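In: Provide a 3D model corresponding to the input given below.
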Amino acid sequence: MLGESDVRLTAWVHGYVQGVGFRWWTRSKALELGLTGFAANKPDGRVQVVAQGSKKACEQLLGALEGGDTPGEVDKVIANWSEPADAFTGFTER
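Out: Residues are numbered from 1 along each chain as shown. Below you'll find the predicted structure:
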């Protein structure tokens, strides 16, 4: 259930992030933080991460994505913030 202070983070992760367990790792981190959403491979090699929950938890996930302790190799992360939209059930890999 979304609260009044919840946000949506959409992050585009660039680098060597497909075929290395990146989506699974992202899902694990998001679930630890109590976030809902998904991580999806895109045809151009990026991973799209959409997470909803508290601003603090989303900021922690973004920090983890940018932190260098991920599977593969992250070159850059482009983040967009918005109001939460559709409610997700859990956090999935797409």
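In: and the strands in the protein?
Out: All strands of the chain, identified by DSSP state E, fall at 6-16, 36-41, 47-54, 73-82, 91-93.
In: what's near enough to touch the residue positioned nearest the centre of the chain?
Out: In the chain, the C-alpha closest to the average C-alpha coordinate belongs to residue 49, at a distance of 3.5 Å (Cα atoms, centre = their mean). Residue 49 sits next to 9, 10, 11, 12, 13, 26, 30, 37, 38, 39, 61, 65 when contact means Cβ atoms under 8 Å, 6 or more residues apart in numbering. Just so you know, the C-beta spots here come from the backbone N, C-alpha and C atoms, and that holds for glycine as well.
In: switch those residues over to CSV; also include distance to residue 45.
Out: Formatted as CSV, the contacts of residue 49 follow (distance: Cβ to Cβ, whole Å):
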residue, distance to residue 45
9, 20
10, 17
11, 15
12, 11
13, 10
26, 15
30, 21
37, 20
38, 18
39, 14
61, 21
65, 16
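In: kindly reformat those residues as a markdown table containing neighbour count.
Out: Formatted as a markdown table, these follow (neighbours: other Cβ atoms under 10 Å):
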| residue | neighbour count |
| --- | --- |
| 9 | 24 |
| 10 | 15 |
| 11 | 22 |
| 12 | 15 |
| 13 | 26 |
| 26 | 27 |
| 30 | 28 |
| 37 | 25 |
| 38 | 18 |
| 39 | 25 |
| 61 | 24 |
| 65 | 25 |
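In: so where's the chain uncertain?
Out: 1-4 (pLDDT under 70).
In: rerun at 50
Out: 1 (pLDDT under 50).
In: on that earlier part again, from the contacts of residue 49, which two are the most distant?
Out: Greatest spacing in the contacts of residue 49, by Cβ to Cβ: 12 and 30 (15.8 Å).
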